[in-house]
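Chemist: Sequence first, then the predicted structure, then my questions.
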Amino acid sequence: MIRVELPAHLRNLARVEGEVQLEVEGQATLNSVLDALEARYPMLSGTLRDHVTRQRRPFVRFFACQEDLSHQSADAALPEAVATGAEPFLVVGAIAGG
Amino acid sequence: MSKVRVLVGTRKGAFVLESDGKREQWNISGPHFAGWEMYHIKGSPVDPNRLYASQSTGWFGQLIQRSNDGGKTWEPVDNKFVYDGVAGTHQWYDGTPHPWEFKRVWHLEPSLTDPDTVYAGVEDAALFRSADGGKSWQELSGLRRHGSGPRWQPGAGGMCLHTVILDPKNSARIFIAISAAGAFRSDDSGQTWQPINRGLHSAQIPEPTAEVGHCVHHIAMHRSRPNVLFMQKHWDVMRSDDAGDNWQEVSGNLPTDFGFVIDVHAHEPNTIYVVPIKSDSEHFPPDGALRVYRSRAGGNEWEPLTKGLPQRDCYVNVLRDAMAVDSLDSCGVYFGTTGGQVYASPDAGDHWAPIVRDLPAVLSVEVQTLS
(Lines give C-alpha, C1' and ligand atoms only; values in the text may rest on other atoms or scores of the structure.)
Protein backbone atom coordinates (compact mmCIF):
# COMPACT_ATOMS: atom_id res chain seq x y z
CA MET A 1 0.00 0.00 0.00
CA ILE A 2 1.31 3.43 -1.02
CA ARG A 3 0.33 6.52 0.91
CA VAL A 4 0.06 9.70 -1.16
CA GLU A 5 -0.35 13.22 0.20
CA LEU A 6 -1.86 15.63 -2.30
CA PRO A 7 -1.86 19.44 -2.17
CA ALA A 8 -5.12 21.05 -1.07
CA HIS A 9 -6.34 22.01 -4.55
CA LEU A 10 -6.01 18.45 -5.77
CA ARG A 11 -7.61 16.99 -2.64
CA ASN A 12 -10.59 19.24 -3.34
CA LEU A 13 -10.64 18.22 -6.97
CA ALA A 14 -10.51 14.52 -6.11
CA ARG A 15 -12.93 15.05 -3.22
CA VAL A 16 -10.71 13.34 -0.70
CA GLU A 17 -9.58 14.28 2.77
CA GLY A 18 -6.21 13.39 4.19
CA GLU A 19 -3.95 10.82 2.60
CA VAL A 20 -4.84 8.73 -0.40
CA GLN A 21 -3.97 5.05 -0.14
CA LEU A 22 -3.19 3.14 -3.32
CA GLU A 23 -2.37 -0.41 -4.27
CA VAL A 24 0.34 -0.47 -6.90
CA GLU A 25 1.08 -3.60 -8.87
CA GLY A 26 4.76 -4.39 -9.35
CA GLN A 27 7.55 -2.04 -8.45
CA ALA A 28 6.62 1.31 -6.95
CA THR A 29 7.97 4.03 -9.24
CA LEU A 30 6.91 7.56 -10.01
CA ASN A 31 5.10 6.32 -13.10
CA SER A 32 3.37 3.38 -11.44
CA VAL A 33 2.22 5.45 -8.46
CA LEU A 34 0.96 8.30 -10.63
CA ASP A 35 -0.72 5.85 -13.01
CA ALA A 36 -2.51 4.24 -10.07
CA LEU A 37 -3.45 7.65 -8.70
CA GLU A 38 -4.93 8.74 -12.02
CA ALA A 39 -6.74 5.45 -12.50
CA ARG A 40 -8.48 5.83 -9.17
CA TYR A 41 -9.05 9.56 -9.50
CA PRO A 42 -9.40 10.28 -13.24
CA MET A 43 -10.01 13.96 -12.56
CA LEU A 44 -6.34 14.24 -11.54
CA SER A 45 -5.18 13.14 -14.97
CA GLY A 46 -3.15 15.92 -16.53
CA THR A 47 -2.77 17.90 -13.30
CA LEU A 48 0.59 16.43 -12.31
CA ARG A 49 1.97 15.33 -15.67
CA ASP A 50 1.42 16.70 -19.13
CA HIS A 51 -1.07 14.55 -21.03
CA VAL A 52 1.16 14.19 -24.06
CA THR A 53 4.77 14.31 -22.85
CA ARG A 54 4.05 12.68 -19.47
CA GLN A 55 6.54 15.14 -18.03
CA ARG A 56 6.03 16.48 -14.51
CA ARG A 57 4.47 19.93 -14.51
CA PRO A 58 7.07 22.59 -13.71
CA PHE A 59 5.37 23.78 -10.50
CA VAL A 60 4.88 20.27 -9.12
CA ARG A 61 7.50 18.39 -7.09
CA PHE A 62 7.63 14.93 -5.54
CA PHE A 63 9.23 14.23 -2.16
CA ALA A 64 9.56 11.29 0.23
CA CYS A 65 11.84 10.28 3.05
CA GLN A 66 13.43 13.74 3.15
CA GLU A 67 14.44 13.35 -0.50
CA ASP A 68 13.47 15.30 -3.59
CA LEU A 69 12.39 12.63 -6.07
CA SER A 70 11.23 15.09 -8.71
CA HIS A 71 14.17 14.59 -11.00
CA GLN A 72 14.73 10.87 -10.71
CA SER A 73 13.81 8.58 -13.57
CA ALA A 74 10.06 8.03 -13.68
CA ASP A 75 10.71 4.30 -13.84
CA ALA A 76 13.24 4.15 -10.99
CA ALA A 77 12.20 2.43 -7.78
CA LEU A 78 10.86 4.68 -5.05
CA PRO A 79 12.37 4.28 -1.55
CA GLU A 80 11.45 1.06 0.21
CA ALA A 81 9.71 3.02 2.97
CA VAL A 82 7.33 4.48 0.37
CA ALA A 83 6.72 1.10 -1.24
CA THR A 84 5.78 -0.42 2.13
CA GLY A 85 3.65 2.51 3.23
CA ALA A 86 5.94 3.42 6.11
CA GLU A 87 6.46 6.86 4.64
CA PRO A 88 4.08 8.93 2.48
CA PHE A 89 4.79 10.02 -1.08
CA LEU A 90 4.36 13.79 -1.10
CA VAL A 91 3.02 15.76 -4.08
CA VAL A 92 3.92 19.39 -3.49
CA GLY A 93 2.83 22.47 -5.41
CA ALA A 94 5.47 25.19 -5.61
CA ILE A 95 5.14 28.14 -3.27
CA ALA A 96 4.72 30.68 -6.04
CA GLY A 97 2.25 32.91 -7.77
CA GLY A 98 -0.05 35.72 -6.73
CA MET B 1 -41.14 36.12 -13.44
CA SER B 2 -37.91 36.14 -15.37
CA LYS B 3 -34.59 35.83 -13.61
CA VAL B 4 -31.06 36.71 -14.53
CA ARG B 5 -27.99 34.65 -13.76
CA VAL B 6 -24.59 36.26 -14.26
CA LEU B 7 -21.61 33.90 -14.53
CA VAL B 8 -18.38 35.59 -13.52
CA GLY B 9 -14.93 34.12 -14.05
CA THR B 10 -12.09 35.66 -12.03
CA ARG B 11 -8.41 35.14 -11.34
CA LYS B 12 -9.27 33.30 -8.13
CA GLY B 13 -12.55 31.52 -8.68
CA ALA B 14 -16.02 31.70 -10.19
CA PHE B 15 -19.01 33.59 -8.88
CA VAL B 16 -22.69 33.30 -9.72
CA LEU B 17 -24.82 36.44 -9.33
CA GLU B 18 -28.60 36.03 -9.48
CA SER B 19 -31.48 38.46 -9.47
CA ASP B 20 -35.10 38.70 -10.48
CA GLY B 21 -36.11 40.68 -13.54
CA LYS B 22 -35.86 43.98 -11.69
CA ARG B 23 -32.12 43.46 -11.35
CA GLU B 24 -31.96 45.47 -8.13
CA GLN B 25 -31.27 42.86 -5.44
CA TRP B 26 -28.59 40.28 -6.11
CA ASN B 27 -27.67 36.99 -4.51
CA ILE B 28 -23.96 36.23 -4.85
CA SER B 29 -22.58 32.72 -4.56
CA GLY B 30 -18.93 31.75 -4.66
CA PRO B 31 -16.10 31.52 -4.88
CA HIS B 32 -16.53 28.29 -6.75
CA PHE B 33 -13.17 26.62 -7.46
CA ALA B 34 -11.50 29.05 -5.06
CA GLY B 35 -7.95 29.87 -5.97
CA TRP B 36 -8.21 28.71 -9.60
CA GLU B 37 -8.23 30.96 -12.63
CA MET B 38 -11.68 30.76 -14.18
CA TYR B 39 -11.23 32.06 -17.69
CA HIS B 40 -14.80 31.48 -18.85
CA ILE B 41 -18.14 30.02 -17.76
CA LYS B 42 -21.05 29.75 -20.15
CA GLY B 43 -24.45 28.08 -20.24
CA SER B 44 -26.15 26.13 -22.99
CA PRO B 45 -28.80 28.15 -24.84
CA VAL B 46 -31.02 25.05 -25.04
CA ASP B 47 -30.52 23.86 -21.45
CA PRO B 48 -29.71 26.79 -19.17
CA ASN B 49 -28.83 24.48 -16.31
CA ARG B 50 -26.02 22.97 -18.37
CA LEU B 51 -22.94 25.09 -17.70
CA TYR B 52 -19.36 24.65 -18.82
CA ALA B 53 -16.42 26.24 -17.03
CA SER B 54 -12.75 26.58 -17.86
CA GLN B 55 -10.60 26.16 -14.75
CA SER B 56 -6.81 26.39 -14.74
CA THR B 57 -3.71 27.25 -12.77
CA GLY B 58 -0.03 27.45 -13.54
CA TRP B 59 0.48 24.61 -11.06
CA PHE B 60 -1.96 21.98 -12.20
CA GLY B 61 -2.90 22.93 -15.75
CA GLN B 62 -6.31 22.91 -17.36
CA LEU B 63 -9.58 21.44 -16.14
CA ILE B 64 -13.08 21.62 -17.57
CA GLN B 65 -16.02 21.56 -15.19
CA ARG B 66 -19.62 20.85 -16.10
CA SER B 67 -22.77 21.58 -14.16
CA ASN B 68 -26.20 20.11 -14.84
CA ASP B 69 -28.03 22.17 -12.23
CA GLY B 70 -27.20 25.74 -13.01
CA GLY B 71 -23.98 25.83 -11.04
CA LYS B 72 -25.12 24.30 -7.75
CA THR B 73 -22.89 21.27 -8.29
CA TRP B 74 -20.07 20.58 -10.72
CA GLU B 75 -18.20 17.61 -12.07
CA PRO B 76 -14.83 17.61 -13.83
CA VAL B 77 -14.97 16.28 -17.36
CA ASP B 78 -12.17 15.59 -19.82
CA ASN B 79 -9.23 17.97 -19.83
CA LYS B 80 -7.21 16.35 -22.57
CA PHE B 81 -6.67 18.91 -25.32
CA VAL B 82 -4.24 17.26 -27.71
CA TYR B 83 -3.45 18.84 -31.04
CA ASP B 84 -4.24 16.71 -34.04
CA GLY B 85 -1.03 15.33 -35.57
CA VAL B 86 2.23 17.23 -35.54
CA ALA B 87 1.54 20.56 -33.89
CA GLY B 88 4.16 22.50 -35.83
CA THR B 89 5.33 26.02 -35.10
CA HIS B 90 3.99 29.55 -35.02
CA GLN B 91 5.93 32.78 -34.71
CA TRP B 92 7.28 33.77 -31.33
CA TYR B 93 7.37 37.42 -30.20
CA ASP B 94 10.74 37.89 -31.85
CA GLY B 95 9.62 36.33 -35.11
CA THR B 96 11.40 33.02 -34.60
CA PRO B 97 9.51 29.72 -34.96
CA HIS B 98 8.03 28.45 -31.71
CA PRO B 99 6.38 25.07 -31.10
CA TRP B 100 2.62 25.01 -30.66
CA GLU B 101 1.99 24.23 -26.98
CA PHE B 102 -1.36 23.90 -25.24
CA LYS B 103 -1.67 26.28 -22.29
CA ARG B 104 -5.31 26.89 -21.42
CA VAL B 105 -8.91 27.21 -22.58
CA TRP B 106 -9.93 30.83 -23.01
CA HIS B 107 -13.49 30.47 -24.22
CA LEU B 108 -16.24 27.83 -24.15
CA GLU B 109 -19.10 28.17 -26.62
CA PRO B 110 -22.00 25.76 -26.16
CA SER B 111 -23.91 24.71 -29.26
CA LEU B 112 -27.09 26.59 -30.11
CA THR B 113 -29.00 23.31 -30.51
CA ASP B 114 -27.37 20.53 -28.46
CA PRO B 115 -26.39 20.88 -24.80
CA ASP B 116 -23.78 18.13 -25.16
CA THR B 117 -21.91 19.91 -27.94
CA VAL B 118 -19.50 22.64 -26.94
CA TYR B 119 -16.55 24.37 -28.58
CA ALA B 120 -13.35 25.39 -26.80
CA GLY B 121 -11.03 28.13 -27.99
CA VAL B 122 -7.56 27.52 -26.60
CA GLU B 123 -4.06 28.93 -26.28
CA ASP B 124 -1.89 28.19 -28.30
CA ALA B 125 -4.59 28.97 -30.79
CA ALA B 126 -6.80 26.11 -31.86
CA LEU B 127 -10.46 25.17 -31.78
CA PHE B 128 -11.66 21.99 -30.09
CA ARG B 129 -15.11 20.46 -30.04
CA SER B 130 -16.83 18.02 -27.73
CA ALA B 131 -20.02 16.24 -28.74
CA ASP B 132 -20.42 14.32 -25.48
CA GLY B 133 -20.78 17.00 -22.87
CA GLY B 134 -17.06 17.52 -22.43
CA LYS B 135 -16.16 13.86 -21.91
CA SER B 136 -13.78 14.02 -24.87
CA TRP B 137 -12.36 16.74 -27.09
CA GLN B 138 -11.30 16.69 -30.72
CA GLU B 139 -9.44 19.45 -32.47
CA LEU B 140 -10.98 20.99 -35.57
CA SER B 141 -7.52 21.07 -37.01
CA GLY B 142 -8.43 22.57 -40.37
CA LEU B 143 -8.09 25.94 -38.66
CA ARG B 144 -4.58 25.44 -37.34
CA ARG B 145 -3.61 23.74 -40.57
CA HIS B 146 -4.74 26.72 -42.59
CA GLY B 147 -1.59 27.63 -44.47
CA SER B 148 -1.11 30.81 -42.48
CA GLY B 149 -0.53 29.07 -39.13
CA PRO B 150 3.26 29.49 -39.12
CA ARG B 151 2.72 33.27 -39.41
CA TRP B 152 0.45 33.59 -36.38
CA GLN B 153 2.01 35.32 -33.41
CA PRO B 154 1.01 35.75 -29.75
CA GLY B 155 -0.32 38.99 -28.36
CA ALA B 156 0.72 40.09 -24.89
CA GLY B 157 -1.81 37.69 -23.36
CA GLY B 158 -0.61 34.72 -25.37
CA MET B 159 -1.65 33.28 -28.72
CA CYS B 160 -5.23 32.69 -27.78
CA LEU B 161 -8.36 31.75 -29.66
CA HIS B 162 -10.73 33.85 -27.58
CA THR B 163 -13.88 34.32 -29.65
CA VAL B 164 -16.20 31.64 -31.02
CA ILE B 165 -19.49 32.69 -32.63
CA LEU B 166 -21.99 30.18 -33.99
CA ASP B 167 -24.30 31.42 -36.74
CA PRO B 168 -27.93 30.96 -35.62
CA LYS B 169 -29.21 30.90 -39.22
CA ASN B 170 -26.52 28.71 -40.76
CA SER B 171 -25.49 25.76 -38.63
CA ALA B 172 -22.39 25.13 -40.74
CA ARG B 173 -20.97 28.61 -40.20
CA ILE B 174 -18.56 29.43 -37.36
CA PHE B 175 -16.60 32.61 -36.73
CA ILE B 176 -13.49 32.67 -34.53
CA ALA B 177 -10.85 35.22 -33.63
CA ILE B 178 -7.24 34.85 -32.53
CA SER B 179 -4.77 37.27 -31.00
CA ALA B 180 -2.72 37.90 -33.03
CA ALA B 181 -3.78 36.19 -36.21
CA GLY B 182 -7.16 37.75 -36.88
CA ALA B 183 -10.65 36.53 -37.68
CA PHE B 184 -11.52 33.34 -39.53
CA ARG B 185 -14.74 31.82 -40.82
CA SER B 186 -15.74 28.27 -41.57
CA ASP B 187 -18.74 27.47 -43.76
CA ASP B 188 -18.49 23.71 -43.34
CA SER B 189 -18.84 23.16 -39.59
CA GLY B 190 -15.19 23.80 -38.85
CA GLN B 191 -13.54 21.53 -41.38
CA THR B 192 -11.98 24.30 -43.47
CA TRP B 193 -11.39 27.96 -42.72
CA GLN B 194 -10.66 31.20 -44.44
CA PRO B 195 -9.20 34.36 -42.93
CA ILE B 196 -11.65 37.26 -42.98
CA ASN B 197 -9.47 40.27 -42.33
CA ARG B 198 -9.88 42.37 -45.48
CA GLY B 199 -10.19 45.99 -44.44
CA LEU B 200 -8.28 45.62 -41.19
CA HIS B 201 -5.26 47.89 -40.90
CA SER B 202 -2.66 47.26 -38.20
CA ALA B 203 0.17 49.75 -38.39
CA GLN B 204 2.24 47.76 -35.89
CA ILE B 205 2.81 44.75 -38.14
CA PRO B 206 5.23 44.62 -41.09
CA GLU B 207 2.45 44.50 -43.65
CA PRO B 208 -0.43 46.53 -42.17
CA THR B 209 -3.11 45.00 -44.41
CA ALA B 210 -1.79 41.43 -44.29
CA GLU B 211 -4.13 38.49 -44.67
CA VAL B 212 -3.29 37.42 -41.10
CA GLY B 213 -1.41 38.84 -38.13
CA HIS B 214 -4.01 41.29 -36.79
CA CYS B 215 -4.66 41.49 -33.07
CA VAL B 216 -8.42 41.11 -32.96
CA HIS B 217 -9.63 41.52 -29.39
CA HIS B 218 -13.27 40.50 -29.69
CA ILE B 219 -16.17 40.13 -32.13
CA ALA B 220 -19.92 40.39 -31.49
CA MET B 221 -23.00 39.54 -33.52
CA HIS B 222 -26.74 40.02 -33.09
CA ARG B 223 -28.52 36.74 -33.72
CA SER B 224 -31.10 38.39 -36.01
CA ARG B 225 -28.37 39.61 -38.38
CA PRO B 226 -25.58 37.04 -38.49
CA ASN B 227 -23.92 38.65 -41.49
CA VAL B 228 -23.28 41.82 -39.49
CA LEU B 229 -20.24 41.58 -37.24
CA PHE B 230 -18.73 44.15 -34.91
CA MET B 231 -15.08 43.94 -33.93
CA GLN B 232 -12.93 45.57 -31.26
CA LYS B 233 -9.43 45.30 -32.64
CA HIS B 234 -6.26 46.18 -30.75
CA TRP B 235 -6.78 49.57 -32.33
CA ASP B 236 -9.98 50.38 -34.25
CA VAL B 237 -13.60 49.39 -33.88
CA MET B 238 -14.71 47.68 -37.09
CA ARG B 239 -17.91 46.54 -38.74
CA SER B 240 -18.62 43.99 -41.46
CA ASP B 241 -21.93 43.69 -43.29
CA ASP B 242 -20.96 40.63 -45.30
CA ALA B 243 -20.01 38.00 -42.72
CA GLY B 244 -16.47 39.24 -42.42
CA ASP B 245 -15.56 39.39 -46.09
CA ASN B 246 -14.94 43.13 -45.77
CA TRP B 247 -14.53 45.40 -42.77
CA GLN B 248 -14.97 49.16 -42.32
CA GLU B 249 -13.76 51.21 -39.43
CA VAL B 250 -16.54 52.66 -37.26
CA SER B 251 -14.46 54.13 -34.43
CA GLY B 252 -15.94 57.57 -35.17
CA ASN B 253 -15.82 59.92 -32.20
CA LEU B 254 -14.54 57.45 -29.59
CA PRO B 255 -11.92 59.02 -27.28
CA THR B 256 -9.64 56.08 -28.08
CA ASP B 257 -10.40 53.21 -30.40
CA PHE B 258 -8.40 50.74 -28.31
CA GLY B 259 -10.29 48.37 -26.05
CA PHE B 260 -11.17 44.76 -25.49
CA VAL B 261 -14.93 44.22 -25.17
CA ILE B 262 -17.68 44.79 -27.70
CA ASP B 263 -21.29 43.67 -27.49
CA VAL B 264 -24.68 44.17 -29.12
CA HIS B 265 -28.00 45.16 -27.52
CA ALA B 266 -30.34 42.16 -27.23
CA HIS B 267 -33.21 43.77 -29.17
CA GLU B 268 -31.58 46.54 -31.20
CA PRO B 269 -29.09 44.99 -33.60
CA ASN B 270 -27.62 48.36 -34.47
CA THR B 271 -26.93 49.34 -30.84
CA ILE B 272 -23.44 48.37 -29.75
CA TYR B 273 -21.24 48.91 -26.72
CA VAL B 274 -17.50 49.28 -26.17
CA VAL B 275 -15.31 50.39 -23.28
CA PRO B 276 -12.47 52.57 -24.62
CA ILE B 277 -9.16 51.90 -22.94
CA LYS B 278 -5.91 53.84 -23.11
CA SER B 279 -3.03 52.04 -24.70
CA ASP B 280 -0.57 50.75 -25.60
CA SER B 281 0.93 50.26 -22.18
CA GLU B 282 -1.51 51.82 -19.72
CA HIS B 283 -4.61 49.69 -20.31
CA PHE B 284 -6.90 51.79 -18.13
CA PRO B 285 -9.71 54.21 -18.99
CA PRO B 286 -8.75 57.63 -20.35
CA ASP B 287 -8.66 60.36 -17.67
CA GLY B 288 -9.36 57.82 -14.92
CA ALA B 289 -13.06 57.87 -15.89
CA LEU B 290 -14.82 54.57 -16.57
CA ARG B 291 -17.13 55.13 -19.52
CA VAL B 292 -19.07 52.69 -21.63
CA TYR B 293 -19.70 54.06 -25.12
CA ARG B 294 -22.88 53.23 -26.96
CA SER B 295 -23.64 53.65 -30.62
CA ARG B 296 -27.24 53.37 -31.76
CA ALA B 297 -26.12 53.66 -35.38
CA GLY B 298 -23.99 50.56 -35.60
CA GLY B 299 -20.85 52.58 -35.09
CA ASN B 300 -19.29 55.93 -35.96
CA GLU B 301 -21.56 57.96 -33.66
CA TRP B 302 -20.88 57.18 -30.02
CA GLU B 303 -22.22 58.53 -26.73
CA PRO B 304 -20.55 58.11 -23.36
CA LEU B 305 -22.55 56.33 -20.66
CA THR B 306 -21.36 57.47 -17.25
CA LYS B 307 -24.24 57.49 -14.77
CA GLY B 308 -23.24 55.30 -11.85
CA LEU B 309 -19.73 54.62 -13.12
CA PRO B 310 -16.66 56.12 -11.42
CA GLN B 311 -15.61 59.30 -13.21
CA ARG B 312 -12.37 59.90 -11.36
CA ASP B 313 -9.42 57.87 -10.04
CA CYS B 314 -10.49 54.72 -11.86
CA TYR B 315 -7.67 52.68 -13.39
CA VAL B 316 -9.18 49.29 -14.10
CA ASN B 317 -9.38 47.37 -17.35
CA VAL B 318 -12.29 45.47 -18.89
CA LEU B 319 -11.05 42.29 -20.53
CA ARG B 320 -12.32 40.88 -23.81
CA ASP B 321 -14.85 38.36 -22.53
CA ALA B 322 -16.04 40.51 -19.62
CA MET B 323 -19.17 42.10 -21.14
CA ALA B 324 -22.56 40.53 -21.79
CA VAL B 325 -26.22 41.43 -22.21
CA ASP B 326 -29.43 39.86 -20.97
CA SER B 327 -32.56 39.53 -23.10
CA LEU B 328 -35.19 41.01 -20.81
CA ASP B 329 -37.53 43.58 -22.38
CA SER B 330 -35.35 46.36 -21.08
CA CYS B 331 -31.97 45.02 -22.12
CA GLY B 332 -29.50 44.63 -19.27
CA VAL B 333 -25.82 45.25 -19.93
CA TYR B 334 -23.09 43.86 -17.66
CA PHE B 335 -19.34 44.11 -17.44
CA GLY B 336 -16.58 43.16 -15.03
CA THR B 337 -13.29 44.88 -14.32
CA THR B 338 -9.79 43.90 -13.36
CA GLY B 339 -10.52 45.73 -10.09
CA GLY B 340 -13.15 43.15 -9.20
CA GLN B 341 -16.28 45.17 -9.84
CA VAL B 342 -19.21 43.80 -11.80
CA TYR B 343 -21.46 46.60 -13.05
CA ALA B 344 -25.01 46.18 -14.32
CA SER B 345 -27.31 48.48 -16.21
CA PRO B 346 -30.96 47.39 -16.35
CA ASP B 347 -31.79 50.06 -18.93
CA ALA B 348 -29.45 49.43 -21.84
CA GLY B 349 -26.62 51.49 -20.39
CA ASP B 350 -28.40 54.64 -19.24
CA HIS B 351 -27.78 53.92 -15.56
CA TRP B 352 -25.21 51.67 -13.91
CA ALA B 353 -24.68 50.23 -10.46
CA PRO B 354 -22.19 47.71 -9.13
CA ILE B 355 -23.59 44.29 -8.34
CA VAL B 356 -20.42 43.55 -6.42
CA ARG B 357 -17.28 45.62 -5.91
CA ASP B 358 -14.52 43.49 -4.49
CA LEU B 359 -14.10 40.27 -6.41
CA PRO B 360 -10.73 39.11 -7.72
CA ALA B 361 -9.85 40.49 -11.15
CA VAL B 362 -12.69 39.64 -13.50
CA LEU B 363 -11.78 37.63 -16.58
CA SER B 364 -15.21 36.95 -18.05
CA VAL B 365 -18.89 37.77 -17.66
CA GLU B 366 -21.75 35.84 -19.22
CA VAL B 367 -25.47 36.32 -18.62
CA GLN B 368 -28.35 33.89 -18.73
CA THR B 369 -31.93 35.13 -18.91
CA LEU B 370 -34.11 32.53 -17.22
CA SER B 371 -37.88 32.23 -17.44
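Modeler: Ah, there it is.

Chemist: Do I have it right that B:Ser330 meets B:Asp347?
Modeler: Yes. B:Ser330 lies in contact with B:Asp347 (Cβ atoms under 8 Å); the separation is 5.5 Å. C-beta: built from backbone N, CA, C; applies to glycine.

Chemist: ok, the closest residue to A:Glu17 other than its chain neighbours to A:Val33 distance?
Modeler: Using Cβ to Cβ, 6 or more residues apart in numbering or on different chains and skipping the chain neighbours, the partner closest in space to A:Glu17 is A:Arg11 (6.7 Å). Plainly put, A:Arg11 is 16 Å away from A:Val33 if you go by Cβ to Cβ, to the nearest Å.

Chemist: Neighbour count: these two, which is higher?
Modeler: Each of A:Arg11 and A:Val33 has its neighbours counted (other Cβ atoms under 10 Å in any protein chain shown); A:Val33 has more, 22 against 17.

Chemist: Determine the number of other residues adjacent to B:Asp116.
Modeler: Neighbours of B:Asp116 using other Cβ under 10 Å come to 17.

Chemist: which SS state does it fall under?
Modeler: Assigned with DSSP: H, G, I helix; E, B strand; the rest coil, B:Asp116 falls in the coil class.

Chemist: Please name the nearest non-neighbouring residue to it.
Modeler: That would be B:Gly133: by Cβ to Cβ, 6+ apart, it lies 4.3 Å from B:Asp116.

Chemist: Quick one, grab the pLDDT at the residue nearest to A:Glu17.
Modeler: A:Arg11 carries a pLDDT value of 97.

Chemist: what's the answer for the one 5 residues further on, then?
Modeler: Looking at A:Val16, its pLDDT is 97.

Chemist: so it sits in a helix?
Modeler: No. Assessed with three-state DSSP, A:Val16 is coil; it does not lie in a helix.

Chemist: That one contacts A:Pro7, correct?
Modeler: No. Using Cβ under 8 Å, A:Val16 makes no contact with A:Pro7, being 11.7 Å away.

Chemist: So the spatially most central residue of chain B versus B:Val237, what's the distance?
Modeler: Chain B has B:Asp321 as the residue nearest its centroid, 3.2 Å off, counting by Cα atoms, centre = their mean. Distance of B:Asp321 to B:Val237, computed by Cβ to Cβ: 17 Å.

Chemist: Next: B:Asp124.
Modeler: Distance, B:Asp124 to B:Val237, by Cβ to Cβ: 27 Å.

Chemist: Likewise for B:His201?
Modeler: For B:His201 relative to B:Val237 (Cβ to Cβ), the value is 13 Å.

Chemist: Could you do B:Pro168 as well?
Modeler: From B:Pro168 to B:Val237 the distance is 23 Å (Cβ to Cβ).

Chemist: Compare those two (neighbour count), which wins?
Modeler: Just comparing B:Pro168 and B:Val237: by other Cβ under 10 Å the higher neighbour count belongs to B:Val237, 26 against 16.

Chemist: Point out where chain A drops to low pLDDT.
Modeler: For chain A, applying pLDDT under 70 flags the ranges A:97-98.

Chemist: bridging residues for the residue nearest to B:Gly155 when sequence neighbours are not counted?
Modeler: Using Cβ to Cβ, 6+ apart and skipping residues adjacent in sequence, the residue nearest B:Gly155 is B:Ser179, 3.7 Å away. Beta-bridge partners recorded for B:Ser179 (DSSP bridges): B:Cys160.

Chemist: I'd guessed B:Gly121 sits against B:Ile176; true?
Modeler: Yes. When contacts are counted by Cβ under 8 Å, B:Gly121 is listed as touching B:Ile176 (6.4 Å).

Chemist: what is in contact with those two at once?
Modeler: Listed as contacting both B:Gly121 and B:Ile176 by Cβ atoms under 8 Å, 6 or more residues apart in numbering or on different chains are B:Leu127, B:Leu161, B:Thr163, B:Val164.

Chemist: give the contact list for residue 43.
Modeler: If you meant another chain, say so; for now it's chain A. Residues in contact with A:Met43, defined by Cβ under 8 Å, 6+ apart, are A:Leu13, A:Ala14, B:Leu63, B:Pro76.

Chemist: nope, chain B please
Modeler: Contacts of B:Gly43 (Cβ under 8 Å, 6+ apart): B:Arg5, B:Leu7, B:Asn49, B:Arg50, B:Leu51, B:Tyr52, B:Gly70, B:Pro110, B:Glu366, B:Gln368.

Chemist: same question, B:Asn246
Modeler: By Cβ under 8 Å, 6+ apart, the residues touching B:Asn246 are B:Arg198, B:Gly199, B:Ser240.

Chemist: Narrow these to those in helices?
Modeler: Assigned to helices by DSSP state H, none of the contacts of B:Asn246 qualify.

Chemist: which phi and psi does B:Pro286 have?
Modeler: Backbone torsions of B:Pro286, given as degrees, to the nearest 10, read phi -60, psi 140.

Chemist: can you count the residues close to it?
Modeler: Neighbours of B:Pro286 (other Cβ under 10 Å): 15.

Chemist: What of B:Phe230?
Modeler: 26.

Chemist: Show me which residues of chain B sit near chain A.
Modeler: B:35-36, B:57-63, B:76, B:79-82 (Cβ under 8 Å from any Cβ of the partner chain).

Chemist: make it 10 Å
Modeler: Residues of chain B lying near chain A by Cβ under 10 Å from any Cβ of the partner chain: B:11-12, B:33-37, B:55, B:57-63, B:65, B:75-83, B:87, B:101-102.
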